[in-house]
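>>> got a structure for you, letters missing:
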């Protein structure tokens, strides 16, 4: 009888079985210079955190990927299948042996200064002192940018400093035409969002973002975004990018710092990658819901102690190709789903997030462009939990929360609510469905 070699569950070791799983799903963030608060690149580091690793991997808390993989797929998915979870569990339960270190796979190379290549220039936001009172902090930060001439940008990359305090950041670019603004450096650079409404308006006006005559400059939405574990996106050659004028201001909207037990400084930076020519296919963007192109039904008012459901929808007048989508809600968010219904009544799945988590709001990019036929309707369905059972509820006891659409727009405060769905798209061209959007 022939003996068949097999790996028993109690034979799992770090070098052969666990390190490859962690390198694929954990060390892109859990490394020196990464987004996570501690490293998991050596056996010693992993061994010290093994009980934490066991808890967060078995519960599904880590690696964080809110989107339902049974509904739709995106670039950069990080998840543990049941086999990997069981390997980790059995390995830890059996003493977490290191194994033969000569069989340890080499650690992937990471650039501490960029995740996507060598930038053409790096600019730094003003330093912010984050108080150590174990509370989340939210700011608006502005970064004036002066160039010798107008240029084209193919990508921007936001990176926090080595303290890794930033949890997420959404950045938009204001382009000032020649002669429209004498100085872009006179305004306030940091706005603390933890102020009352009157002080917020005073500080926001002090940012001095308008043209000198009071009009609004050109605005590039989603010029740069950051979330822990998310890599800046460069699309295939000729797709995407935008013009950056000689005078511009990058606004880090709602920059979120996680809770820390002691005071620390943050000094974040932005890498800019220029292109020699304008994009052949400039990216377009449409936003559904709050401040967007479609109404929320019923209006986004969530009474205290209630769970409410809301929808918004938009008809698409032409064939389009979707590249990236971004769902957005605040602390009361519970569930989110988006899909398109074609004129033939076929459903095109976009995204489903069965358990909303405010801490992980990715910009999800499809593996290939997704065609949406003309006449289709994109629907968004969202649910909010304003009860005391919602551990993220900013009020105890619960209070009525809404968009706060006074003053002409939704409040930036996270204690208000929003329902947005941002779609990055192009006018459809034949063959778009086969165009890979994966970073080379």
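Structure's in. What do you need? Just so it is clear, the model here is predicted, and its values are computed rather than measured.
>>> tell me the domain boundaries of the protein?
Domain ranges of the chain: 9-103, 121-275, 284-434, per automatic domain parsing.
>>> endpoints of the last one, how far apart?
Think domain 284-434. 20 Å (CA to CA, to the nearest Å).
>>> same question for that domain, mean pLDDT?
Averaged over domain 284-434, pLDDT sits at 92.
>>> that domain: how far from the chain's middle?
How far domain 284-434 lies from its chain's middle: 14 Å, per CA atoms, centre = their mean, to the nearest Å.
>>> try stretch 226-236
8 Å.
>>> stretch 269-279 too?
Using CA atoms, centre = their mean, the offset of stretch 269-279 from its chain centre is 20 Å.
>>> list the buried residues for it?
269, 270, 271, 272, 273, 275, 279 (16 or more other CB atoms under 10 Å). For glycine as for every other residue, the C-beta is placed from the backbone atoms N, C-alpha and C.
>>> before we move on, what about stretch 157-165?
Those would be 157, 158, 159, 160, 161, 164, 165, for stretch 157-165 by 16+ other CB under 10 Å.
>>> save these as TSV, and put in distance to residue 310, pLDDT and secondary structure too.
Supplementary listing: the buried residues of stretch 157-165 in TSV, determined by distance: CB to CB, whole Å; pLDDT from 0 to 100; DSSP: H, G, I helix; E, B strand; the rest coil:
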residue	distance to residue 310	pLDDT	secondary structure
157	34	93	strand
158	30	93	strand
159	35	88	strand
160	33	85	coil
161	38	79	coil
164	34	71	coil
165	33	82	coil
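>>> tabulate these in a markdown table, adding columns for distance to residue 290.
Formatted as a markdown table, these follow (distance: CB to CB, whole Å):
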| residue | distance to residue 290 |
| --- | --- |
| 157 | 27 |
| 158 | 23 |
| 159 | 28 |
| 160 | 27 |
| 161 | 31 |
| 164 | 30 |
| 165 | 27 |
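>>> closest one of those residues to residue 370?
Distance to residue 370 across the buried residues of stretch 157-165 (CB to CB) is lowest for residue 157, with 24.5 Å.
>>> so where's the stretch 101-250 of the chain shaky on pLDDT?
162-163, 228-229 (pLDDT under 70).
>>> what are the ranges of the strands in it?
121-124, 128-130, 137-146, 151-159, 166-176, 190-192, 218-226, 242-244, 247-257 (DSSP state E, counting those that start in this stretch).
>>> need the contact list for residue 352.
67, 68, 71, 72, 336, 337, 338 (CB atoms under 8 Å, 6 or more residues apart in numbering).
>>> confirm the last one sits in a strand?
I take that to be residue 338. Yes. According to DSSP: H, G, I helix; E, B strand; the rest coil, residue 338 belongs to a strand.
>>> look at the spatially most central residue of the chain and give its secondary structure.
When CA atoms, centre = their mean is applied to the chain, the residue found nearest the centroid is residue 362 (3.4 Å). Three-state assignment for residue 362 (three-state DSSP): coil.
>>> that'll do, ta.
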